[in-house]
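*Asks:* Structure, please.
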Amino acid sequence: MITLINPNIVMQKDDLFGTGIPYMPVELAYVAATLRAKNIEFKLIDSFGLNPKQITRLDSQFVQGLTTDQILAQIPSSSKYIVVYCGLVVTFRVITQIISAVKEKFPNIPVICIENTQQVTSFSIKEASPKLFKAGADIIMIGDPEARIVDVVSGKDLKKIKGLMFKKNNKIVKTELSDIFIKEVDDLPFPAWDLFPLKNYWKLGYAHAPLKSKKYISILTSRGCPFGCHFCVIPATNIRRWTPRSAKNVVDEMEHWIKTFGVHEFHVEDLNPTVKKERMVEISKEILERKLKVSFKFGAGTKIETMDEETIDWMAKAGLTYLSCSPESGSPRILKAMGKPFSHQLALQLIKRLNKDKVTTQACFVLGYLNETDDDRKLTQNYVKELTKAGVDEIALFIMTPIPGTYTFDKVEGYDDYSQLTFSPKWRKEYKKLSSFRIHTYMKFLLWKLRYHPIKLFKQPISFLTGRFNTKMEMTAFRWLKINILSRIPFIG
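*Replies:* Residues are numbered from 1 along each chain as shown. Here you go, the predicted model:
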């Protein structure tokens, strides 16, 4: 028996910009599917999904889902291994608490930590390994876990399994960091979403991408990203690899979930789905040829300049309704410092095309990068105005935080715990100034939207009240309100 644990979702009390999002644990769902395909017995404990409306307080954080004691009560004593999914950096304190509690109750059962390599809100478990080992972890698995988790739980010699760190005679053994990524993602079974409490996710009424239907499924059409942005953890967790699934395989999965759950809304959680624009056209044509009625949304910030107008037109015909992109900064100087290639003019052109095709768009920015000046931020604000005029529907302004594994990790100090590494890092000495700039920019954005696209702005309160969201901004307000209301209901353990 193998026990898989998905930790809780955590929201920073006064943060609207990146915590409290119910990311579906896609990689853990792939692990479950792989174990099932190999006829390896396991139990899945989705600490968040089993009771997301139960909220407890941990200092300045709201923790959604089961308590640690409730998690422990569900772990079979016959477990041969306990696998903890290291999903999000903001949940780090919860992750280590779970590991410590598990080792205290089951000291002889090895705890395996697996990495979330496919989200920018994750962290490098290699960088975080000293803290994970201190909490009680026995084995840390770097990279894609599917194939190697089977090797570990089947009893293969750990020294012969690549990408591992493990305890041996009070020492940490490290195996070779090669072949730790899946090369043929089409060969993987579809994620085992049937084993997760999906109805509880759906009942929340909010997700990562704007939720308009009663049901949705998160999907990965590719893995990794070939770019090396310095503020991002993905170059560390994916080593600048990009591995796509074929158009047929992607649409096969969509059709599978349509038949299995009646789901027609798909939230694409790829780090960068449009690296190869021809593939997106192939996916779109495959959807159209099968006459599937779907809505698909790019919830993470894709690189918009890897597309062109023809690609956008095909995706819109096939069902693309939302696209998030990441300019990051309006300052060419800061973009260069970030290692972020971006074409401001081309992005404006494509935002106009997306607007014409009635695709809702979001532009994401990182404020407070190393050595950023007031002039740099002014350029960002000016670019926000240009994007608003071009038709962008919403913006997201994140304050840079030094996530373990990023180039910036050891260059910003002031935090006490990894769980403080959110996009509203109040511990940063520049936070007050950056937060003020962020608020003023949001206010200006709304005024510019009122000026250039007033009808869009007037529709947003309706979307909020009906719960059929077009933008994350509407859904974020709903999520914040709901969690704050639930947190006031006394919890009886």
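
*Asks:* Pull up the per-residue confidence for V120.
*Replies:* Each residue has a pLDDT score; the one for V120 is 95.

*Asks:* The stretch 1-150 of the chain: helices as residue ranges?
*Replies:* Across the stretch 1-150 of the chain, reading from the start of the chain, the helices by DSSP state H, counting those that start in this stretch fall at 26-37, 68-74, 92-105, 129-135, 146-153.

*Asks:* what about the strands in the stretch 101-250 of the chain?
*Replies:* With DSSP state E, counting those that start in this stretch as the definition, the stretch 101-250 of the chain shows strands at residue ranges 111-115, 139-141, 164-168, 171-174, 217-219, 222-224, 242-244.

*Asks:* Of all the ones you listed, which one comes closest to I287?
*Replies:* Using CB to CB as the measure, strand 217-219 is the one of the strands of the stretch 101-250 of the chain that comes nearest I287, at 12.5 Å. For glycine as for every other residue, the C-beta is placed from the backbone atoms N, C-alpha and C.

*Asks:* quick one: average pLDDT of that closest one?
*Replies:* Along strand 217-219, the predicted local confidence has a mean pLDDT of 98.

*Asks:* which parts of stretch 192-210 are buried?
*Replies:* Of the residues in stretch 192-210, those buried by neighbour count under the rule 16 or more other CB atoms under 10 Å are 192-193, 195-196, 198, 200-202, 204, 206-210.

*Asks:* Take those and lay them out in CSV including distance to Q420.
*Replies:* Converted to CSV, these look like this (distance: CB to CB, whole Å):
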residue, distance to Q420
A192, 33
W193, 32
L195, 33
F196, 29
L198, 31
N200, 28
Y201, 26
W202, 31
L204, 25
Y206, 24
A207, 25
H208, 22
A209, 26
P210, 28
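
*Asks:* Can you verify K297 is assigned to a strand?
*Replies:* Yes - if the criterion is DSSP: H, G, I helix; E, B strand; the rest coil, then K297 is within a strand.

*Asks:* gap between it and F478?
*Replies:* Going from K297 to F478 by CB to CB, to the nearest Å gives 17 Å.

*Asks:* between the two, who's got more neighbours?
*Replies:* With neighbours defined as other CB atoms under 10 Å, K297 and F478 compare such that K297 has more, 25 against 19.

*Asks:* Please name the bridge partners of the more buried one.
*Replies:* Beta bridges link K297 to H267, Y322 when assigned by DSSP bridges.

*Asks:* Please tell me I have it right and S122 contacts C86.
*Replies:* Yes - with contact defined as CB atoms under 8 Å, S122 reaches C86; the gap is 7.3 Å.

*Asks:* Mind listing the shared neighbours of the two?
*Replies:* Residues touching both S122 and C86 by CB atoms under 8 Å, 6 or more residues apart in numbering: 115-116.

*Asks:* Phi first, then psi, for the residue positioned nearest the centre of the chain.
*Replies:* In the chain, the centroid-proximal residue (CA atoms, centre = their mean) is Q119; its distance is 3.9 Å. The phi and psi values for Q119, taken as degrees, to the nearest 10, are phi -140, psi 140.

*Asks:* pLDDT weak spots in the stretch 351-493 of the chain?
*Replies:* For the stretch 351-493 of the chain, the stretches with pLDDT under 70 are 487-493.

*Asks:* got the residue ranges for the helices in the stretch 151-300 of the chain?
*Replies:* With DSSP H, counting those that start in this stretch applied, the stretch 151-300 of the chain shows helices at 198-204, 234-238, 247-261, 277-289, listed in chain order.

*Asks:* Any idea what Q12 is bridged to?
*Replies:* With DSSP bridges as the criterion, Q12 is bridged to Q61.

*Asks:* which residues touch it?
*Replies:* By CB under 8 Å, 6+ apart, Q12 lies in contact with 19-20, 60-61, 90, 422, 424.

*Asks:* quick one: which of those sit in strands?
*Replies:* Among the contacts of Q12, the subset assigned to strands under DSSP state E consists of Q61.

*Asks:* Going by distance to I287, which of the contacts of Q12 wins?
*Replies:* Distance to I287, by CB to CB, is smallest for G20 among the contacts of Q12, at 31.6 Å.

*Asks:* Need the phi and psi values for the closest one.
*Replies:* phi 80, psi 0.

*Asks:* Show the buried residues in the contacts of Q12.
*Replies:* Buried positions within the contacts of Q12, assessed by neighbour count (16+ other CB under 10 Å), are 19-20, 61, 90, 422, 424.

*Asks:* okay, the residues you listed in CSV with distance to N51 next?
*Replies:* Listed next are the buried ones among the contacts of Q12 as CSV, based on distance: CB to CB, whole Å:
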residue, distance to N51
T19, 19
G20, 16
Q61, 17
V90, 19
T422, 23
S424, 26
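
*Asks:* can you give me the strands for the stretch 351-493 of the chain?
*Replies:* Listed in chain order, the strands found in the stretch 351-493 of the chain under DSSP E, counting those that start in this stretch are 360-367, 394-399.

*Asks:* V275 is nearest to which of these?
*Replies:* With CB to CB as the yardstick, what comes closest out of these is strand 360-367 (17.6 Å).

*Asks:* Please identify the pairing partners of that closest one and their relative orientation?
*Replies:* Partners of strand 360-367 in its sheet, by DSSP bridges: strand 320-328 (parallel), strand 394-399 (parallel).

*Asks:* which of those sits most buried?
*Replies:* Comparing the strands paired with strand 360-367 on average neighbours per residue, with mean count of other CB atoms under 10 Å, the densest one is strand 320-328 at a mean of 25.

*Asks:* need the longest helix for the chain.
*Replies:* With DSSP state H applied, the helix covering the greatest number of residues in the chain is identified as helix 431-452.

*Asks:* Next, work out how far apart the residue lying farthest from the centre of the chain and L132 are.
*Replies:* When distances to the mean C-alpha position of the chain are computed (CA atoms, centre = their mean), the maximum falls on N169, with 36.3 Å. Look at N169 and L132: by CB to CB, they are 19 Å apart.

*Asks:* before we move on, what about V84?
*Replies:* Distance, V84 to L132, by CB to CB: 9 Å.

*Asks:* A33 now?
*Replies:* When distances are taken as CB to CB, A33 and L132 turn out to be 25 Å apart.
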